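Sharing a model that was predicted from the sequence below.
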Amino acid sequence: MNRRIYGLENEYGIICTSDRRGGKALSIQNAVMYLFREIISGRMYPDVFLENGARFYQDIGCHPEYATPECDNVMDLVTHDKAGERIIERLSVSAERKMRSDGFMGRISVFKNNTDTPGNTYGCHENYLMDRRVSFRQLALQLIPFFVTRQVFAGAGKVKPTNRGGYAISQRAQHIREEISIATTTARGIINTRDEPHADREKYRRLHVIVGDSNMSEFTTYLKVGTTAIVLRMIEDNFIKKRLALRDSVRAIQQISEDTTCTRKIELENGKRLSGVELQWEYLECAKRYFEEVESDPVTDQIMARWEYVLTCLETEPMQLDRELDWVIKKKLIETYVKSRNLKWNSAKVMMLDLQYHNIRPEFGLYYKIEKKGLAERTVTDEQIEHAMHHPPETTRAKFRGRFVKLANERKILCGVNWSYIQLYEPYQKLFLSTDPLQAEYEEASRMIYSI
Amino acid sequence: MPAEKQQEQRDQRTQDTEEIQPNPEVTEQGEEIKEDLDRLLDEIDEILEEDSEEFVENYIQRGGE
């Protein structure tokens, strides 16, 4: 598919601490209640669609979760992922204000990461709409080596509390147990088999990817999703002929994560040994041949160029990418701080820095402090992000959903909304179901919206 | 290689070396980055004024997804 739907779901970590040292903290459940209070306005359950077409809800394990609206290009997706952060940030600020007026003097911190201190994990799920005709076996076979090695640029990084400066490239790698699995909460797989397309099932499948990390860096999200989309296109067109299957993919994903030099070789099924970066080169070279045959577009060309640039840098010295990749930006910052303040790597302060890199409030979050100083590569602008907080993408069905939600909220009308439908109950029941998320305008949907 | 060509290459190389003189703009940029970094480290000091040990210990989520 040349044009496809992309979506990102992020589960956030949340903690509420008291202003007083040793003071009693508010439970996560209560903090989440404060967070949702403003936005659910009278509804029973914290689960709402927003005027920008996104869904914001409380997920399993009491995590606030933001699912972007359907986007049909990578730039929109990065923008809407960031808009989600900004929305939650503003909600957390007003939640804190309300909490303080109720007499609890504390602070709410929200983290866009994937692990807590004892090692529980929560995810960042990518969704790609795909052509149903692709054999799932084929898809899994060709995607697994890509997902195992993609972390060399897509990882969010994680301090390992040893005394030797331990650091892993990926937060999620150590939580992956299977090659292929339906589970998202226990035996997590490199390939997840959940397939609810929220669209015409005969035509589309949804690829639900749970193996990746949550990213702070716009550049990293852009490259992660952009390269994956290119690989999916090649798989749909049955273009990848080379067998890149690995001997033990689950072990390999962990081995690559543990090696910040990015040089460690992993074994392929055919006995060959390649590093994560070399395996990525195989996919990139294949993509170059692919685009000699099929038409590209300016964004795809840019993704290809940046993919090549990043692999070239990773090959020579990964730490060069301290403006582009989350795991490198964070590693460099923590190492610089540890050196200048003479800290031990296993101190609580170092663990704290790792956490605070992912804090979505700009006044506390380390990523945002770096970004503000112009030390992080950006792919979208603050104006675009601000716009996306209130407006859906123009080119997918999120457009009519967003308009419907906005009007229904303004007029305080009882309605039902989901990914594939909008529904009115009064004066009589009306439901519009869409089977093609790539279509933005439907006459029937417009009529329903005008009738409000 | 003809002598003329060698001379040409040598000239080219000298030119290249001449160009590697410190560029005041780049140096200035480098200093700015260093200042930014120093300020950043000071800001991190402030973040770490909070009791890190207590914070990190209490950061316990339930598994999600």
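Here it is on my side, so go on.

looking at this, A:Gly416 is in a strand?
Yes. Counting by DSSP: H, G, I helix; E, B strand; the rest coil, A:Gly416 is found in a strand.

Tell me what the closest residue in space to it that isn't next to it in sequence is bridged to.
The shortest distance from A:Gly416 to any non-neighbouring residue, by Cβ to Cβ, 6 or more residues apart in numbering or on different chains, is to A:Gln423 (3.5 Å). Any C-beta I mention is one placed from the backbone N, CA and C, and that applies to glycine too. In this entry, A:Gln423 is beta-bridged to A:Gly416, A:Leu431, by DSSP bridges.

quick one: contacts for A:Gln423?
Counting by Cβ atoms under 8 Å, 6 or more residues apart in numbering or on different chains, A:Gln423 makes contact with A:Cys415, A:Gly416, A:Val417, A:Gln429, A:Lys430, A:Leu431, A:Phe432.

rerun at 10 Å
A:Phe404, A:Leu414, A:Cys415, A:Gly416, A:Val417, A:Gln429, A:Lys430, A:Leu431, A:Phe432, A:Leu433, A:Met448 (Cβ atoms under 10 Å, 6 or more residues apart in numbering or on different chains).

Of all pairs in those residues, which one spans the longest distance?
The two members of the contacts of A:Gln423 with the most space between them (Cβ to Cβ) are A:Leu414 and A:Leu433, at 18.6 Å.

what's the closest non-adjacent residue to A:Arg107?
Computed as Cβ to Cβ, 6+ apart, the closest residue to A:Arg107 that is not its neighbour in sequence is A:Thr17, at 5.5 Å.

Give me the mean pLDDT for the strand or helix carrying the one you found.
Using DSSP states H and E, A:Thr17 sits within strand A:13-18. In this model, strand A:13-18 carries a mean pLDDT of 95.

How about stretch B:28-45?
When pLDDT is averaged over stretch B:28-45, the result is 86.

How much space separates A:Gly226 from chain B?
Remark: distance between A:Gly226 and chain B (Cβ to the nearest Cβ, to the nearest Å) = 24 Å.

pLDDT wise, what is that residue at?
Turning to A:Gly226, the model gives it a pLDDT of 98.

Can you report how many residues neighbour it?
Residues near A:Gly226, counting by other Cβ atoms under 10 Å in any protein chain shown, number 23.

Look at it and give its secondary structure.
Look at A:Gly226: counting by three-state DSSP, its state is helix.

Leaving out chain neighbours, which residue sits closest to it?
Leaving aside its sequence neighbours, A:Gly226 sits nearest to A:Ile303 (Cβ to Cβ, 6+ apart; 3.7 Å).

surely that neighbour meets A:Ala229?
Yes. Using Cβ atoms under 10 Å, A:Ile303 is in contact with A:Ala229, at 8.0 Å.

hang on, the earlier thing: just after the strand holding A:Thr17, pick out the following helix or strand.
helix A:28-40.

so where's chain A shaky on pLDDT?
Chain A contains residues with pLDDT under 70 at A:42.

phi, psi of residue 63?
No chain specified, so I'll use chain A. Main-chain torsions, A:His63, degrees, to the nearest 10: phi -90, psi 140.

Hmm, no, I was thinking of chain B.
B:Gly63 adopts backbone torsions of phi -60, psi 150, taken as degrees, to the nearest 10.

Around it, how many other residues sit close by?
Using other Cβ under 10 Å, B:Gly63 has 19 other residues around it.

Over to A:Ser420?
Neighbours of A:Ser420 (other Cβ under 10 Å): 18.

so who does it touch?
Counting by Cβ under 10 Å, 6+ apart, A:Ser420 makes contact with A:196-200, A:397, A:401, A:432-437.

Return the distance of it relative to A:Ala376.
For A:Ser420, the distance to A:Ala376 equals 36 Å [Cβ to Cβ, to the nearest Å].

ok, now A:Asn127?
Counting by Cβ to Cβ - A:Asn127 and A:Ala376 are separated by 26 Å.

A:Trp345 now?
24 Å.

Can you give me the domain boundaries for chain A?
Following automatic domain parsing, one gets these domains for chain A: A:132-204+A:211-357, A:397-449.

Quick check: which of these is buried the most?
Of all the domains of chain A, domain A:132-204+A:211-357 has the most neighbours on average by mean count of other Cβ atoms under 10 Å in any protein chain shown, namely a mean of 19.

How about the stretch 101-250 of chain A: which residue is closest to chain B?
A:Tyr122 (3.2 Å; Cβ to the nearest Cβ).

Give the burial count for the closest residue to that residue other than its chain neighbours, as a bare number.
Distance criterion Cβ to Cβ, 6+ apart; nearest residue to A:Tyr122, sequence neighbours excluded, is B:Gly64 at 3.2 Å. Neighbourhood size, B:Gly64 [other Cβ under 10 Å]: 20.

Redo the domains of chain A as a markdown table? Include distance to A:Asp59.
Compiled in a markdown table, the domains of chain A are given as follows (distance: least, Cβ to Cβ, whole Å):
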| stretch | distance to A:Asp59 |
| --- | --- |
| domain A:132-204+A:211-357 | 10 |
| domain A:397-449 | 15 |
